[in-house]
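1. What follows is a predicted structure for the sequence shown.
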Amino acid sequence: MKILDQILSQSAYSHAIDVPLAQIDIADWLFTLPEAEYLRCCVPDHIAAGTTTTDDGRRMSINVEQIGSGLVVQHYVADEATPSYVRMNSISDVFTTNGRTQVNVVWELIAEDAGNGRTLYTNRVTAHPTDAFMDFLDQHGIAFADAAAARQEAGADHNRRETPMFAESIARRAKANAHA
């Protein structure tokens, strides 16, 4: 499936945590995250989560969440997964009142040294339309600008709410690992 170069939505939010960067391991956190913890990170939007692998062995995170009026099933595949940077890529299924379509979502989880034993966590989400999404808009007479505006508003609101919760969850995991 060809991914278009257009951006449907993009947002990045940051939250500082009281853990040194050397203790952070975002990849470990993400791929061992219990579903109950994922659900707590954005109530009531987060619905389900799990981890698996692709046929060729790459790590995956499967997330189900409500973003605005769409139910989104994300099939994130790790492009890069290190303690301080994870880049996930998903062709996500979106279920709307008009039916089902797909978008390409790139999720970046970034940890940077904030000084004084603190870490700045940034949660960046960029959504791109797929050919299927553009066909869906055409079939339903929806202008791309209108769809992008709605996705930007809903996606940014969701990211704004989940970022501090993800950051604090990462901090709890790092502190528990430091005492183990």
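-> On my side now, so go ahead. Residues are numbered from 1 along each chain as shown.
2. now the longest helix along the chain: mean pLDDT?
-> With secondary structure taken from DSSP state H, the chain has its longest helix at helix 144-179. Per-region confidence: helix 144-179 scores 95 on mean pLDDT.
3. Sort out which residues of that helix are buried, please.
-> Using 16 or more other Cβ atoms under 10 Å as the test for burial, helix 144-179 gives 147-148, 150-152, 154-156, 158-159, 162-171, 173-174. All C-beta atoms are positioned from the backbone trio N, CA, C, and that covers glycine.
4. Kindly report the same for stretch 29-48.
-> For stretch 29-48, the neighbour count (16+ other Cβ under 10 Å) marks 29-31, 33, 37-39, 41-42, 45-47 as buried.
5. for the residues you listed, which one is nearest Val106?
-> Using Cβ to Cβ, Leu30 comes nearest to Val106 of the buried residues of stretch 29-48, at 14.5 Å.
6. so who does that closest one touch?
-> The contact partners of Leu30, by Cβ atoms under 8 Å, 6 or more residues apart in numbering, come to 61, 81, 86, 109.
7. Would you write a ChimeraX line that selects the buried entries of these?
-> What follows is the ChimeraX syntax for the buried subset of the contacts of Leu30, where burial is set by 16+ other Cβ under 10 Å:
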select :61,81,86,109
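8. Out of the contacts of Leu30, list just those in strands.
-> 61, 81, 86, 109 (DSSP state E).
9. quick one, what contacts Gln6?
-> Gln6 makes contact with 128-129, 144 under the criterion Cβ under 8 Å, 6+ apart.
10. cutoff 7 Å now
-> Taking Cβ atoms under 7 Å, 6 or more residues apart in numbering as the definition of contact, the neighbours of Gln6 are 128-129.
11. Kindly confirm my reading that it is in a helix.
-> No: for Gln6, which was evaluated using DSSP: H, G, I helix; E, B strand; the rest coil, the result is coil, with no helix membership.
12. Now it. Its backbone dihedrals?
-> Gln6 has phi and psi values of phi -70, psi 150 when expressed as degrees, to the nearest 10.
13. Now do it, the pLDDT please.
-> The predicted structure scores Gln6 at 90 on the pLDDT scale.
14. go on, Ala111?
-> Model confidence at Ala111, expressed as pLDDT, equals 98.
15. Next, it: secondary structure please.
-> For Ala111, the reduced secondary structure class is strand; criterion used: three-state DSSP.
16. Please report the number of neighbouring residues for it.
-> Neighbour count of Ala111, defined by other Cβ atoms under 10 Å: 25.
17. what bridges to it?
-> Applying DSSP bridges to Ala111 gives these bridge partners: Tyr121.
18. so it makes contact with Asn123?
-> No: under the criterion of Cβ atoms under 7 Å, Ala111 makes no contact with Asn123, lying 10.6 Å away.
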